[in-house]
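A.B. asks: What follows is a predicted structure for the sequence shown.
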Amino acid sequence: MKAELAVVRSGALTTVQDRGRRGHAHLGVPRSGALDAPAMNLANRLLGNAPDAAVLETTLTGCALRPDHGVTVVVGGAPCPVTVDGRPAAWGVPVRVPAGAVLNVGAVTSGVRSYVAVAGGIAVEPVLGSRSADLLSGLGPAPLRDGDVLPLGTPARQPALPAGAPWPAPPTELTLPLRLGPRADWFASAALHTLTSATYRVSQHSNRIGLRTEGPSLARVSAGELPSEGMVLGAVQVPPDGRPVVFLHDHPTTGGYPVIGVVAEAALAVAAQAAAGTPVRFTLG
Amino acid sequence: MTESPSAEVRPAGRRALLVELPDDERTGAFHAELLRRRAAGTLPPVEEIVPGARTVLLDGVTDPEELARRIAGWDLPSHAADDGAMVDIPVRYDGPDLAHVAALWGIGADEVATRHSSYTYRVAFCGFAPGFGYLTGLPAELHVPRRDTPRTRVPAGAVALAGPYSAVYPRSTPGGWQLIGTMPDPAPLWDLTREEPALLTPGTRVRFVPQDRTP
């Protein structure tokens, strides 16, 4: 009989994520996938999971889970208290959860998103090659709800990474290196100076689609409409209110607001752990 | 930036290029050329080829600058070849904005079906929702604005107009387009059981076929 994982407490927003869907952007399908991919990858490696094994991505308040078979899990990403049937358990290293015991992933002590990897992975049915929940278009499994039951895969017999690999701490301030373009010419030079010299803050309205910012407005040279064009991960789109939005994994594949620059992908995993209010600086590079 | 007579290549981060064309005809032609070169194995690996209204995004490229130089040397056709797959969309012209569109077009509501279905359309690009295609082909004098107030719910299968585009909603969503008709069975527009889930992929040609109002 296949092992299953019951959702006792789904938390504010917990989704199934893997490496996402590629090659379908031309059909309007976002890439989706874990926002803090390095955290997902480390959790999977500590369990000897395949790199495409699906994990759970929590948001701020964690979740609680009860396996019907004994399983090994890793909780990583944003630091948080972990308990098994009420007893403290380790964060960031493999933990054994007996059959019927409740794994509680607590509220984050810093950062935003904790990752719960289970040996064998979350084995929901893939859609277009991925098990990721895409919150923009609704592809893949819906966000978890209390009482859901998730199928688990068979644990791999691959050697696991030895515990002890460091987990990067969530940022207390966020530096986002960006390259200008494709539509930097839609903005006044004063706006380019503002973008790279002012301090923005992470808005509480950020989500898996985009990291929204609060700070000085970026003025355009022209007020015309931009015909819809393809959008990349990390695009810094500037809507009419002038506050830059950094596109994360569930971003729309085409859009009509100008993109002033593109943030390097490696910085986006850090951005995914930047809590509301975190200072943000954009740098050229 | 690299300039050539017909394509302007703009940077889009470390792994992508946005190629801007002068008009939608040449955008379609450039997109078709990219697909042709990819099929022939003469395009370096590209993860995503995403057409827009006047652009094609090439994302997931190892060396964007090298690809930009190559593209600058291409001799681009000015018109898309009319050889895309042809899809017929059956439509009941019964949308709630039919009379409004007829008034904007200066014709009777009963003439919208004949007029709208007299053109062959082409899927210029997708977006908004999986399988939602933006179809060009309507002449400029028939372009209509979006509704002042978007609807909170547009039903799946709604055939709609906005600006230069026609579209068929693959699923129920909010929407601000003018609704002129209904595709009776919209399920084929997005079908995850098919190898190619979208019916209206970029480059596909589309005809609207008026159906009797009473099914």
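C.D. replies: Sure thing, it's come through. All of these numbers come straight from a predicted model, not from anything done at the bench. Numbers count the residues shown, from 1 in each chain, chains lettered A, B, ... in the order given.

A.B. asks: Determine the number of other residues adjacent to the residue nearest to A:Gly255 when sequence neighbours are not counted.
C.D. replies: Distances taken as C-beta to C-beta, 6 or more residues apart in numbering or on different chains put A:Met231 closest to A:Gly255, at 4.9 Å, once the chain neighbours are dropped. For glycine as for every other residue, the C-beta is placed from the backbone atoms N, C-alpha and C. Counted with other C-beta atoms under 10 Å in any protein chain shown, residues neighbouring A:Met231 total 29.

A.B. asks: residues touching A:Met231, list them.
C.D. replies: Applying C-beta atoms under 8 Å, 6 or more residues apart in numbering or on different chains, we find A:Met231 in contact with A:Gln237, A:Phe247, A:His251, A:Pro252, A:Thr253, A:Thr254, A:Gly255, A:Val259, B:Leu57.

A.B. asks: can you redo those residues as a markdown table with neighbour count?
C.D. replies: Formatted as a markdown table, those follow (neighbours: other C-beta atoms under 10 Å in any protein chain shown):
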| residue | neighbour count |
| --- | --- |
| A:Gln237 | 20 |
| A:Phe247 | 23 |
| A:His251 | 23 |
| A:Pro252 | 21 |
| A:Thr253 | 28 |
| A:Thr254 | 24 |
| A:Gly255 | 21 |
| A:Val259 | 29 |
| B:Leu57 | 26 |
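
A.B. asks: Please convert the residues you listed to CSV, extending it with secondary structure, distance to A:Cys63 and pLDDT.
C.D. replies: Converted to CSV, these look like this (DSSP: H, G, I helix; E, B strand; the rest coil; distance: C-beta to C-beta, whole Å; pLDDT from 0 to 100):
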residue, secondary structure, distance to A:Cys63, pLDDT
A:Gln237, strand, 31, 96
A:Phe247, strand, 26, 98
A:His251, coil, 25, 97
A:Pro252, coil, 27, 96
A:Thr253, coil, 29, 97
A:Thr254, strand, 33, 96
A:Gly255, strand, 32, 93
A:Val259, strand, 34, 97
B:Leu57, strand, 36, 98
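
A.B. asks: tell me which of those residues is nearest to A:Thr72?
C.D. replies: Here the nearest of the contacts of A:Met231 to A:Thr72, counting by C-beta to C-beta, is A:His251; it sits at 33.8 Å.

A.B. asks: Spell out which parts of chain A neighbour chain B.
C.D. replies: Counting by C-beta under 8 Å from any C-beta of the partner chain, chain A comes close to chain B at A:22-29, A:127-128, A:137, A:139, A:179-183, A:227-232, A:234-235, A:252-255, A:259, A:262-265.

A.B. asks: Filter these down to just the ones in strands.
C.D. replies: Counted as lying in strands by DSSP state E, out of the residues of chain A next to chain B, are A:Arg179, A:Leu180, A:Glu229, A:Gly230, A:Ala235, A:Thr254, A:Gly255, A:Val259, A:Val262, A:Val263.

A.B. asks: Surely A:Val270 touches A:Pro168?
C.D. replies: Yes: taking C-beta atoms under 8 Å as the definition, A:Val270 is a contact partner of A:Pro168 at 7.5 Å.

A.B. asks: Restrict the residues of chain A next to chain B to the buried ones and give me that as a PyMOL selection.
C.D. replies: Remark: buried members of the residues of chain A next to chain B, expressed as a PyMOL selection using 16 or more other C-beta atoms under 10 Å in any protein chain shown:
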select buried, chain A and resi 22+24+25+26+27+28+29+127+128+137+139+179+180+181+182+183+227+228+229+230+231+232+234+235+252+253+254+255+259+262+263
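
A.B. asks: where are the low-confidence patches of chain A?
C.D. replies: Counting by pLDDT under 70, the ranges of chain A that qualify are A:1.

A.B. asks: Outline the domain layout of chain B.
C.D. replies: Domain assignment of chain B by automatic domain parsing yields the ranges B:2-72, B:86-210.

A.B. asks: so which of those comes closest to A:Asp148?
C.D. replies: domain B:86-210 (20.8 Å).

A.B. asks: For that closest one, measure first residue to last.
C.D. replies: Distance between the two ends of domain B:86-210: 16 Å, counting by C-alpha to C-alpha, to the nearest Å.

A.B. asks: For burial, what's the neighbour tally of A:Gly70?
C.D. replies: Residue neighbour count, defined by other C-beta under 10 Å, stands at 12 for A:Gly70.

A.B. asks: I'd like to know how far it sits from A:Pro182.
C.D. replies: 52 Å (C-beta to C-beta, to the nearest Å).

A.B. asks: in the helix ranked longest in chain B, what's buried?
C.D. replies: Within chain B, and with DSSP state H defining each element, the longest helix by residue count is helix B:24-40. For helix B:24-40, the neighbour count (16+ other C-beta under 10 Å) marks B:Asp24, B:Arg26, B:Thr27, B:Gly28, B:Ala29, B:Phe30, B:His31, B:Ala32, B:Glu33, B:Leu34, B:Leu35 as buried.

A.B. asks: Can I get the residues you listed in CSV including distance to B:Tyr121 and pLDDT?
C.D. replies: As requested, the buried residues of helix B:24-40 are exported to CSV (distance: C-beta to C-beta, whole Å; pLDDT from 0 to 100):
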residue, distance to B:Tyr121, pLDDT
B:Asp24, 12, 88
B:Arg26, 18, 92
B:Thr27, 15, 94
B:Gly28, 12, 93
B:Ala29, 16, 92
B:Phe30, 19, 94
B:His31, 15, 94
B:Ala32, 16, 92
B:Glu33, 21, 92
B:Leu34, 21, 95
B:Leu35, 19, 94
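
A.B. asks: Quick check: chain neighbours aside, which residue is closest to A:Ile209?
C.D. replies: Using C-beta to C-beta, 6+ apart, the nearest residue to A:Ile209 is A:Asp250, at 4.7 Å.

A.B. asks: Spell out the secondary structure type for the one you found.
C.D. replies: Following DSSP: H, G, I helix; E, B strand; the rest coil, we place A:Asp250 in the coil state.

A.B. asks: could you pull out the strands for chain B?
C.D. replies: Using DSSP E, strands in chain B cover B:2-3, B:8-11, B:16-20, B:46-51, B:55-61, B:86-91, B:121-126, B:133-136, B:151-154, B:158-162, B:165-168, B:173-175, B:178-182, B:205-210.

A.B. asks: can you redo the ones you listed as TSV with distance to B:Ala68?
C.D. replies: Formatted as TSV, these follow (distance: least, C-beta to C-beta, whole Å):
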stretch	distance to B:Ala68
strand B:2-3	5
strand B:8-11	4
strand B:16-20	6
strand B:46-51	12
strand B:55-61	9
strand B:86-91	34
strand B:121-126	21
strand B:133-136	26
strand B:151-154	39
strand B:158-162	33
strand B:165-168	29
strand B:173-175	36
strand B:178-182	39
strand B:205-210	30
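
A.B. asks: rank these by pLDDT, which is bottom?
C.D. replies: Of all the strands of chain B, the minimum mean pLDDT falls on strand B:2-3 (a mean of 42).

A.B. asks: Identify the residues contacting the residue nearest to A:Ile209.
C.D. replies: With contact set as C-beta under 8 Å, 6+ apart, A:Asp250 has these partners: A:Pro30, A:Ser32, A:Asp134, A:Leu135, A:Leu136, A:Asn207, A:Arg208, A:Ile209.
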